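# structure here, sequence nowhere to be found:
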């Protein structure tokens, strides 16, 4: 069974009724929610407050050309993905469309599977999947379930130890000063008279490094700490 795509709202602007119906039917079968329009009349009003993920835009349209619509669109919606679908297959037209802000340009006739693939590529760039895990060496952090494992063993951490480890993992192989750690994890201006960072780093070391052959948390004397992932630095 073909894997269905994440549901995205697509606006298809195409004046050829039969082609529009074929494309809409295919994309609906692929898991998209498709709305069709024979021209770009009232496009800005239609987009206001909408949640379209991508626009498929023909160029040879009544009233306004696709180029003019794209120009107007980019003035108001700089990042809304647009895929041009046109019979105009000349290089100047392709170059113009891309320079005006289209994310891709597919010429007619085309294969429906290629249209889907190009849309998926655009949507992956525009809507990247959120990161759900962080790792270093054999240590993994599951951000969804807030669980930590070192090798095959679960690691139990306090809320603050977890936050500290997450900060280290998001900035692994970087030297982190005590001031930066305190401000990011504790959320206050660092007081040089407190050793809270050192205390919690010690707690964290005991939790994740004790008994492990690879020590992840390193002290960089005179500067701070670093979570070193040798695999990333090779």
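Perfect, thanks for sending it. Remember, predicted model here, so these are calculated numbers, not experimental data.
# excluding chain neighbours, what is closest to residue 136?
Nearest residue to residue 136, sequence neighbours excluded (C-beta to C-beta, 6 or more residues apart in numbering): residue 229, at 3.9 Å. C-beta coordinates here come from the backbone N, C-alpha and C atoms, glycine included.
# what sits against that neighbour?
135, 136, 137, 172, 173, 216 (C-beta atoms under 8 Å, 6 or more residues apart in numbering).
# of the residues you listed, which pair is most distant in space?
Farthest pair in these (C-beta to C-beta) is 135 and 173. Separation: 12.6 Å.
# where do the helices sit along this protein?
Using DSSP state H, the helices found in the chain span residues 17-29, 43-47, 66-76, 91-99, 112-126, 159-170, 178-181, 196-208, 230-233.
# export those to CSV and tack on mean neighbour count?
Output for the helices of the chain, formatted as CSV (neighbours: other C-beta atoms under 10 Å):
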stretch, mean neighbour count
helix 17-29, 15
helix 43-47, 15
helix 66-76, 17
helix 91-99, 14
helix 112-126, 15
helix 159-170, 18
helix 178-181, 18
helix 196-208, 17
helix 230-233, 10
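# residue 59 is nearest to which of those?
helix 66-76 (3.6 Å).
# show me the contact partners of that closest one.
Taking C-beta under 8 Å, 6+ apart as the rule, helix 66-76 contacts 13, 40, 43-44, 47, 55, 57-61, 80, 82, 84, 86, 96-97, 100-102.
# which ones among those map onto strands?
Counting by DSSP state E, the part of these found in strands is 13, 55, 57, 82, 84, 86.
# what about residue 31, neighbour count?
Using other C-beta atoms under 10 Å, residue 31 has 14 neighbouring residues.
# what pLDDT does it get?
Reading off the confidence values, residue 31 has pLDDT 89.
# next: residue 4.
42.
# now swap in residue 132 and tell me
87.
# kindly report the same for the one 3 residues further on.
Residue 135 is assigned 94 on the pLDDT scale.
# gap between the residue lying closest to residue 22 once chain neighbours are set aside and residue 122?
In space, and not counting its chain neighbours, residue 22 is closest to residue 112: 7.6 Å by C-beta to C-beta, 6+ apart. From residue 112 over to residue 122 the distance is 16 Å, taken as C-beta to C-beta, to the nearest Å.
# re the thing from before, next, format the ones in strands among the contacts of helix 66-76 as a markdown table and append neighbour count.
Formatted as a markdown table, the ones in strands among the contacts of helix 66-76 follow (neighbours: other C-beta under 10 Å):
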| residue | neighbour count |
| --- | --- |
| 13 | 24 |
| 55 | 24 |
| 57 | 25 |
| 82 | 24 |
| 84 | 25 |
| 86 | 23 |
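# spatially central residue in this structure, please.
Nearest to the mean C-alpha position of the chain, by C-alpha atoms, centre = their mean, lies residue 128 at 2.1 Å.
# and it, how far from residue 24?
Distance from residue 128 to residue 24, by C-beta to C-beta: 26 Å.
# ditto for residue 203
Per C-beta to C-beta, residue 203 is found 57 Å from residue 24.
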